[in-house]
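In: coords please:
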Amino acid sequence: MKEALRSRAAQAWAFRTRVEHEAALRFDRLAAAIPVFDPDSPVPALLRRAADDERKHAALCAELSAAYGRPAAEDAHDAAIAPASLGARAAALYELVAACCISETESVATLATLLAEPAEARVEKVLREIARDEVTHGRMGWAHLAREAAISDVSFLSPWIPSMLSGTAEEGLFSPADPELDAPELLRHGILPHSRKSAVFAGTLEDVVFPGLERFGIDAGPGRAWLAARRRG
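Out: Next comes the predicted model:
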């Protein structure tokens, strides 16, 4: 295995380790926040289970990172991502839409794309285990959004969608990449080549996320404009 490819794989799995740890912290925090304003919600129990899933995922990702030669640092931290101007209930909705309806839905699409390609046996095993849980994590956000939309107007989220997308999309996602980052060999190690990564991201927004938001009365226009601008470069 080429050293550059090994290094790229190690970096990717180390990054995923941190992302999974941070997701666990966020889900634990939201599980404690929601019962304050919605004590009958079933979502906190799902969030607690999801936090446990994410800690399991982090351990799996750390094992792969180490196998590729880079021990993953446990430097995760939790920070509220909702705008400070939002009240507690609106802020929780913002975070769940951003973290689940967008990020987890994107994760499911990425994992499905990777699993459709040949992969190293240990990599495929980790991808499959994570994918089983991520589907539920995405649905958790949509369930909370449906619950909130049934009792209040959630259209206030519309202008915030670009901020959520900016927080989800990695830097340079729609910029030209070095050929090294677009190498097909990356797929065997659980990494989408750059051009496919941007295509999956955009396709998931257009086919799943934006229509889903619109079903709850959230105008996806600002999100679509954000995507169009990024594609134009």
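In: tell me how far stretch 186-205 is from the chain's mean position?
Out: On the basis of C-alpha atoms, centre = their mean, to the nearest Å, stretch 186-205 sits 13 Å off its chain's mean C-alpha point.
In: got the buried residues for it?
Out: Buried residues in stretch 186-205, counting neighbours by 16 or more other C-beta atoms under 10 Å, are found at 186-194, 196-198, 200-202, 204-205. For glycine as for every other residue, the C-beta is placed from the backbone atoms N, C-alpha and C.
In: Arg231 and Gly212: what is the separation?
Out: Arg231 sits 21 Å away from Gly212 when distances are taken as C-beta to C-beta, to the nearest Å.
In: Which of these two has more residues huddled nearby?
Out: Gly212 (19 against 10; other C-beta atoms under 10 Å).
In: next SSE after the helix or strand the more buried one falls within?
Out: Gly212 belongs to helix 210-215 when assigned by DSSP states H and E. Downstream of helix 210-215, the first helix or strand assigned by DSSP H and E is helix 221-232.
In: Now do that following helix: which elements does it pack against?
Out: Secondary-structure packing of helix 221-232 (3 or more C-beta pairs under 8 Å, 6 or more residues apart in numbering; DSSP states H and E): helix 161-168, helix 210-215.
In: shouldn't Ala73 be in contact with Arg18?
Out: Yes: look at Ala73 against Arg18 with C-beta atoms under 8 Å: they come within range, at 7.5 Å.
In: So those two - more neighbours on which side?
Out: Neighbours per residue (other C-beta under 10 Å) separate Ala73 from Arg18, with Arg18 holding more: 19 against 12.
In: any idea how far that one is from Ala109?
Out: Distance from Arg18 to Ala109, counting by C-beta to C-beta: 21 Å.
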